[in-house]
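Participant: no sequence for this one, just the structure:
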């Protein structure tokens, strides 16, 4: 799952950069996914089972965080573009 999500997030980020819009996306989903990665890392730490998998959690967490940043950046641009206050 971590590997497939690792391939999915760059594709989603590239799409966000290409479209330059936040339409059709929700920050709640991004926050929930990122929270799942945080809990995954915490589970590894609490169980004293820190291994290479934590690197994948952190990479995916960074990509989701960047995608969340893009969401808020493009949401502000959408409000200007489409006249929403």
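Facilitator: Perfect, thanks for sending it. The model shown is predicted, which means the values in this text are computed figures rather than measured ones. Numbers count the residues shown, from 1 in each chain.

Participant: lowest-pLDDT helix or strand in the chain?
Facilitator: Every helix and strand of the chain was ranked by mean pLDDT, DSSP states H and E. The lowest is helix 2-19, at a mean of 88.

Participant: Residue 77 touches residue 23, doesn't it?
Facilitator: No - assessed by C-beta atoms under 8 Å, residue 77 is found out of contact with residue 23, at 10.8 Å. From N, CA and C alone the C-beta is placed, and that goes for glycine too.

Participant: out of the two, which sits in the more crowded spot?
Facilitator: residue 77 (13 against 9; other C-beta atoms under 10 Å).

Participant: and that one, what helix or strand is that in?
Facilitator: Using DSSP states H and E, residue 77 sits within helix 53-82.

Participant: contact partners of the least confident helix or strand of the chain?
Facilitator: By C-beta atoms under 8 Å, 6 or more residues apart in numbering, the residues outside helix 2-19 that reach it are 25, 53, 56-57, 59-60, 63-64, 66-67, 70-71, 74.

Participant: Now that we're looking at the residue most central in space within the chain, what pLDDT does it have?
Facilitator: With distances taken as C-alpha atoms, centre = their mean, the residue of the chain nearest its centroid is residue 64 (1.5 Å). Residue 64 is assigned 94 on the pLDDT scale.

Participant: Please tell me I have it right and it contacts residue 38.
Facilitator: No - counting by C-beta under 8 Å, residue 64 stays clear of residue 38, with 10.2 Å between them.

Participant: Quick check: what element follows the least confident helix or strand of the chain along the chain?
Facilitator: Once the chain leaves helix 2-19, the next helix or strand it forms, by DSSP H and E, is helix 27-46.

Participant: which helices and strands does that next one pack with?
Facilitator: helix 53-82 (3 or more C-beta pairs under 8 Å, 6 or more residues apart in numbering; DSSP states H and E).

Participant: How far does the helix holding residue 77 sit from its chain's centre?
Facilitator: Taking the mean of its C-alpha atoms, helix 53-82 sits 5 Å from the chain's own mean (C-alpha atoms, centre = their mean, to the nearest Å).
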